[in-house]
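Undergrad: just need the structure, nothing else, for what follows:
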Amino acid sequence: MMAWGLPLAALATAAVQPWLAERRRQTADAFRDQAPGRFAKLSQGVTHYQWLGRTRGPVVVCIHGLTTPSPVWYAIARGLDALGYRVLVYDLYGRGFSDAPRGAQTGDFFARQLLDLLDHQELTEDVTLMGYSMGGSIATHFTAQHPERVRRLILLASGGAWLREDRITELSRTLPGLGDWLHAVLATRKERRALRRQLGHRFDVEGIVELQLAEYQSRGFLRSVLSSRRHMLADMQEMQHRAIGRAGVPTVGIWAEKDEVIPLKSLGALTQWNRAIRQEVIPGATHDLAYRNADAVIEVLTEVLREPDV
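TA: Numbers count the residues shown, from 1 in each chain. Okay, here's the model as predicted:
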């Protein structure tokens, strides 16, 4: 019996370590005195948001991705400002300076946050909705539910069709219990190492890698990311895209030629689901095109946004 004592104690310590580490992390509100922008108390929690650029003009609401907080849009927002647009960005629940409420992070969960924020900001007229990566999935879900609220839908390297994931991520997403531990320990360690390798690289948004690394110290972030993987990113959005096509909402897909997360075959899937969609590919770009290829994205948007709605 004694021979098993030490191995069992070590196993138990390893099992509870992720939960102990989570308890030591601080909640987002502990850092809010450092936050730019403002906060809105919405039905599911406090949401951090910012208005960028001019004070008048048509509105573009930008939704960030799985682990990138709202500053990921700063470079693209500057280009939109030059085109005459006001830009609203916000942190999804569990990211940046927003609350991290418990519960499944489904399409309906994120659509409620967006609808609450639009109402809070009294944006009752049509807006252009732009989503990056998982933000594209959220924008798609919202537009299918509320086509009357969306003037145009722009999807940047969007989820909702095909997704590449490594074996650890797949097991984390599909295995209850054990998957939570794998995500908190192995997957998270791998993701942070990948981010640290990017430190010192030049991006269109200064400090974007540091901001992503800081999120791993925020309580609720890891839980939120895993829940989003299991629910929002697991949603194959054929029905939503077909509904958007029937509703006649002008839709644009912008893709990265060498995307290692969202494969380019997603372009073909969306073309099948919505024959009216316009598709563009950024040559040589990878999944970080929102903050590495902002000028190329703006070049596409310049053409798209100057066209009349159909």
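Undergrad: please name the nearest non-neighbouring residue to the residue most central in space within the chain.
TA: Central residue of the chain (Cα atoms, centre = their mean): Gly65, 1.5 Å from the mean position. Leaving aside its sequence neighbours, Gly65 sits nearest to Ser133 (Cβ to Cβ, 6 or more residues apart in numbering; 3.2 Å). Where you see a C-beta, it was placed from the backbone N, CA and C, and this is true even at glycine.
Undergrad: next SSE after whatever helix or strand Arg192 lives in?
TA: Assignment of secondary structure by DSSP states H and E places Arg192 within helix 188-196. Note on helix 188-196: by DSSP H and E, the next helix or strand toward the C-terminus is helix 208-215.
Undergrad: contacts for that next one, please.
TA: Contact partners of helix 208-215, identified using Cβ atoms under 8 Å, 6 or more residues apart in numbering, comprise 67-69, 71-72, 95-96, 192, 195-196, 198-199, 201, 203, 221, 291.
Undergrad: farthest pair within the residues you listed?
TA: Spanning the widest gap among the contacts of helix 208-215 are His201 and Phe221, at 22.6 Å by Cβ to Cβ.
Undergrad: comparing these two, which shows the higher neighbour count?
TA: Phe221 (22 against 10; other Cβ atoms under 10 Å).
Undergrad: where's that one relative to Trp162, distance?
TA: 26 Å (Cβ to Cβ, to the nearest Å).
Undergrad: then Gln121?
TA: For Gln121 relative to Trp162 (Cβ to Cβ), the value is 33 Å.
Undergrad: in terms of pLDDT, where does Thr124 sit?
TA: With respect to pLDDT, Thr124 has a value of 86.
Undergrad: repeat for Ala12
TA: 49.
Undergrad: the strands in the stretch 151-300 of the chain, which residues?
TA: 251-256, 278-282 (DSSP state E, counting those that start in this stretch).
Undergrad: buried deepest among those, which one?
TA: Comparing the strands of the stretch 151-300 of the chain by mean neighbour count (mean count of other Cβ atoms under 10 Å), strand 251-256 ranks first with a mean of 24.
Undergrad: relative orientation of it and strand 278-282 in degrees?
TA: Interaxial angle of strand 251-256 relative to strand 278-282 (axes from the mean of the first three to the mean of the last three Cα atoms, to 10 degrees): 20 degrees.
Undergrad: helices or strands up against strand 251-256?
TA: Secondary-structure packing of strand 251-256 (3 or more Cβ pairs under 8 Å, 6 or more residues apart in numbering; DSSP states H and E): strand 150-156, helix 238-247, helix 265-273, strand 278-282, helix 294-305.
Undergrad: let's go with 7 Å and repeat that
TA: strand 150-156, helix 265-273, strand 278-282, helix 294-305 (3 or more Cβ pairs under 7 Å, 6 or more residues apart in numbering; DSSP states H and E).
Undergrad: other SSEs contacting the first one?
TA: Read it as strand 150-156. Using 3+ Cβ pairs under 7 Å, 6+ apart: strand 150-156 touches strand 127-132, helix 134-145, strand 251-256.
Undergrad: neighbouring strands of it in the sheet, and parallel or not?
TA: Its sheet considered, strand 150-156 pairs with strand 127-132 (parallel), strand 251-256 (parallel) by DSSP bridges.
Undergrad: outside of the first one itself, list whatever touches it.
TA: In other words, strand 127-132. With contact meaning Cβ atoms under 7 Å, 6 or more residues apart in numbering, strand 127-132 is reached by 58-65, 72, 137-139, 142-143, 149-158, 290.
Undergrad: pLDDT below threshold where in this protein?
TA: For the chain, applying pLDDT under 70 flags the ranges 1-23, 308-310.
Undergrad: and stretch 146-166, how far from the chain's centre?
TA: 10 Å (Cα atoms, centre = their mean, to the nearest Å).
Undergrad: okay, buried residues for that stretch please.
TA: Across stretch 146-166, burial judged by 16 or more other Cβ atoms under 10 Å covers 146-147, 149-163.
Undergrad: next, the distance between the ends of that stretch.
TA: Start-to-end span of stretch 146-166 (Cα to Cα, to the nearest Å) is 34 Å.
Undergrad: could you do stretch 96-108 as well?
TA: This stretch, stretch 96-108, spans 20 Å end to end (Cα to Cα).
Undergrad: now that stretch, how far from the chain's geometric center?
TA: 12 Å.
Undergrad: may I have the strands that pair with the lengthiest strand in the chain, each with its orientation?
TA: Counting by DSSP state E, the longest strand found in the chain is strand 45-53. Neighbouring strands of strand 45-53 in its sheet, by DSSP bridges, are strand 38-42 (antiparallel), strand 86-90 (antiparallel).
Undergrad: okay, it in CSV with CA atoms only?
TA: This file holds the C-alpha atoms of strand 45-53, laid out as CSV (Å, rounded to 0.1, in the frame of the first residue of the first chain):
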residue,chain,number,x,y,z
GLY,A,45,-22.3,40.5,-17.5
VAL,A,46,-20.1,43.6,-17.9
THR,A,47,-18.7,44.1,-21.5
HIS,A,48,-15.7,46.3,-22.3
TYR,A,49,-16.1,48.3,-25.5
GLN,A,50,-14.4,51.1,-27.5
TRP,A,51,-15.4,53.5,-30.2
LEU,A,52,-12.5,54.1,-32.6
GLY,A,53,-12.1,56.8,-35.2
